[in-house]
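Chemist: have a look; sequence and predicted model below, questions after that.
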Amino acid sequence: MKCAIITGGSRGIGRAICLKLAEEKNYHILINYTSNEAAASETLEKVKALGSTGEILKFDVGNAEETKNILTEWQETHPNAIVEVIVNNAGITRDGLFMWMSTEDWNSVINTSLNGFYNVTNFFIQKLLRNKYGRVINMVSVSGVKGTAGQTNYSAAKGALVAATKALAQEVAKRNITVNAVAPGFIKTDMTQDFNEDELKAMIPANRFGEAEEVADLVAFLASKKSSYITGEIININGGIYS
């Protein structure tokens, strides 16, 4: 059984990625979530409605012990399963000016985006190397590429993930494993629902927010065999807001 794991897969861009990969029917979809079980179950139902298979895995990617325990347990109950695609999508924001930023707001954001990448990818990486095939896709952000005021913590976490993507790509390329990052700009999701779209779209050359499905299309391409000569890349998907 070939599998794709999508962290933070219950809603928004994560859900769109689960559904896009389900549509292609190449993989059993592992939907990771932390707290919203109803949303995760709904995503799973949609995956099945598309004629694919899947399951939900509850763990906090930022919690190293919990991540290892749940993934080990899953692996032991599915000895023949091979995870070929890892989409590190889980992320949180705790926005605010740096001078008033609490230690907790700094650590929680770094922990989910950056340590979450380590905890999940490191668990599977030796198996990918033995299998001589894999696709690692890290969801970063325009904030991690150009920096965004009021998001020093989020920009730091995503910027570090950009550098990690480039480094890991060089380590594993010989084994037919690609590692790329996708950097969305303003995409219509729960995370951006409080943003003033009319005000912000004036600074976007495409003059609109992106759709989660548009991001999912790009991720699905990077998860496919068609993208085998692309690695170590950070692909911006932002309507021209930053290039």
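Modeler: Received it, and whenever you're ready, just let me know what you need.

Chemist: show residues contacting the lengthiest helix in the chain.
Modeler: Assignment by DSSP state H gives helix 152-172 as the longest helix of the chain. Defining contact as CB atoms under 8 Å, 6 or more residues apart in numbering, one finds that helix 152-172 is touched by 88, 91, 93-95, 98, 101, 105-106, 109-110, 112-114, 117, 121, 125, 128-129, 134, 136, 138, 140-141, 143-145, 147-148, 178-181, 183, 231-232, 234. Using the backbone N, CA and C atoms, a C-beta is placed for each residue, glycine as well.

Chemist: cool, and stretch 114-127?
Modeler: Against stretch 114-127 from outside (CB under 8 Å, 6+ apart): 5, 7, 32, 61-64, 67-68, 71-72, 82-83, 86, 88, 90-91, 134, 136, 138, 157, 160-161, 164, 168, 172.

Chemist: which of these are buried?
Modeler: Buried members of the contacts of stretch 114-127, counted by 16 or more other CB atoms under 10 Å: 5, 7, 32, 61-64, 67, 71, 82-83, 86, 88, 90-91, 134, 136, 138, 157, 160-161, 164, 168, 172.

Chemist: helix or strand right after the helix-or-strand element of the chain with minimal mean pLDDT?
Modeler: Ranking every helix and strand in the chain by mean pLDDT, DSSP states H and E puts helix 197-200 at the bottom, with a mean of 79. Next along the chain after helix 197-200, taking DSSP states H and E as the criterion, comes helix 212-222.

Chemist: where exactly do the helices run in the chain?
Modeler: Counting by DSSP H, the helices of the chain are 12-24, 37-49, 64-77, 103-110, 116-131, 142-146, 152-172, 197-200, 212-222.

Chemist: which sections of this structure are below the confidence cut-off?
Modeler: For the chain, the stretches flagged by pLDDT under 70 are 191, 193, 242-243.

Chemist: grab the most central residue of it for me.
Modeler: Against the mean C-alpha coordinate of the chain, by CA atoms, centre = their mean, the closest residue is residue 89 at 1.8 Å.

Chemist: name the residue most distant from the centre of this protein?
Modeler: residue 99 (28.8 Å).

Chemist: contact partners for that residue?
Modeler: Contacts of residue 99 (CB under 8 Å, 6+ apart): none.

Chemist: state the distance from it to residue 147.
Modeler: With distances taken as CB to CB, to the nearest Å, residue 99 is found 16 Å from residue 147.

Chemist: next one: residue 19
Modeler: 31 Å.

Chemist: show me which of the two is the more surrounded one.
Modeler: residue 19 (21 against 14; other CB atoms under 10 Å).

Chemist: look up how far residue 93 lies from the more buried one.
Modeler: 23 Å.

Chemist: what's the answer for residue 41, then?
Modeler: 25 Å.

Chemist: out of those two, which sits in the more crowded spot?
Modeler: residue 93 (19 against 14).

Chemist: thought that one was touching residue 151?
Modeler: Yes - counting by CB atoms under 8 Å, residue 93 does reach residue 151; the two are 6.9 Å apart.

Chemist: of the contacts of helix 152-172, select the buried ones using a PyMOL command.
Modeler: Applying 16+ other CB under 10 Å to the contacts of helix 152-172 leaves a buried subset, and the PyMOL line that selects it is:
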select buried, resi 88+91+93+94+101+105+106+109+110+112+113+114+117+121+125+128+129+134+136+138+140+141+143+144+145+178+179+180+181+183+231+234
